[in-house]
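Engineer: what would the 3D arrangement of this be:
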Amino acid sequence: MAEVGKFHWSLYFTDDAGVATRCHWAVLPPGSGKVEGVIIVPNYPVTMYIDSFLVTFAFFKISGFTPPDFEITKQLAINAFDPPHTAGYATVVENRKKGLTCRTWAMKVYKRLLEAGFIQRDVSAAPDEIEALIRSKSIELEQRAAEGKLETSEIIVV
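Structural biologist: Purely as a prediction, here's the structure:
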């Protein structure tokens, strides 16, 4: 069994028509020149089950987010990490040594959107607080799933 709290992090951006685009740091297809990187794909409809019947425990909606033009979002996603390795390193081992994972990628994108002013809130939007809240709730849902008590994905506004 996988370690508790080790789940995949993805970001979904929804346009005015309600079409979601999934962005995530994942294993790239062969021939990409790198082992891991950002994958951006339209994702409709958004459901509890994705890729090979993996279960989505929850969708966390970030309150106060005003989406920029998707091209801006795409560039933030592709170049999330700090220079000179904004798109990661050549190998998984190098990425992990430098702390690059799907979670750190998602939080970097969140931080960049916050810094650019696309997330504005009255309550705290600090990346470490948002991450702790998402991790805590996700672990709770993971435990419910392990007990057979998770019947559908939750939508949680943070």
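Engineer: can you give me the end-to-end distance of stretch 108-122?
Structural biologist: 21 Å (CA to CA, to the nearest Å).
Engineer: same thing with stretch 21-35?
Structural biologist: For stretch 21-35, the end-to-end distance is 22 Å (CA to CA).
Engineer: any stretches of the chain with poor pLDDT?
Structural biologist: Within the chain, the ranges that satisfy pLDDT under 70 run 1-5, 44-55.
Engineer: for it, which segments count as helices?
Structural biologist: Taking DSSP state H, the helices of the chain run over residues 70-78, 92-97, 102-115, 127-146.
Engineer: save those helices as TSV, and put in distance to Trp25 and mean neighbour count too.
Structural biologist: Quick note: C-beta positions are derived from backbone N, CA and C, even for glycine. Output for these, formatted as TSV (distance: least, CB to CB, whole Å; neighbours: other CB atoms under 10 Å):
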stretch	distance to Trp25	mean neighbour count
helix 70-78	9	16
helix 92-97	9	14
helix 102-115	4	20
helix 127-146	15	15
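Engineer: looking at those, spot the one closest to Ala26.
Structural biologist: Ala26 lies closest to helix 102-115 among the helices of the chain, at 6.7 Å (CB to CB).
Engineer: quick one: work out the angle between that closest one and helix 127-146.
Structural biologist: Put simply, helix 102-115 runs at 140 degrees to helix 127-146, going by axes from the mean of the first three to the mean of the last three CA atoms, to 10 degrees.
Engineer: ok, the residue nearest the centre of the chain to His24 distance?
Structural biologist: The C-alpha lying nearest the average C-alpha coordinate of the chain belongs to Ser10 (CA atoms, centre = their mean; 2.7 Å). Going from Ser10 to His24 by CB to CB, to the nearest Å gives 4 Å.
Engineer: pull up the overlap in contacts between those two.
Structural biologist: Listed as contacting both Ser10 and His24 by CB atoms under 8 Å, 6 or more residues apart in numbering are 102, 106.
Engineer: list the buried residues in stretch 12-27.
Structural biologist: When burial is assessed from 16 or more other CB atoms under 10 Å, stretch 12-27 yields the following buried residues: 13, 20-25.
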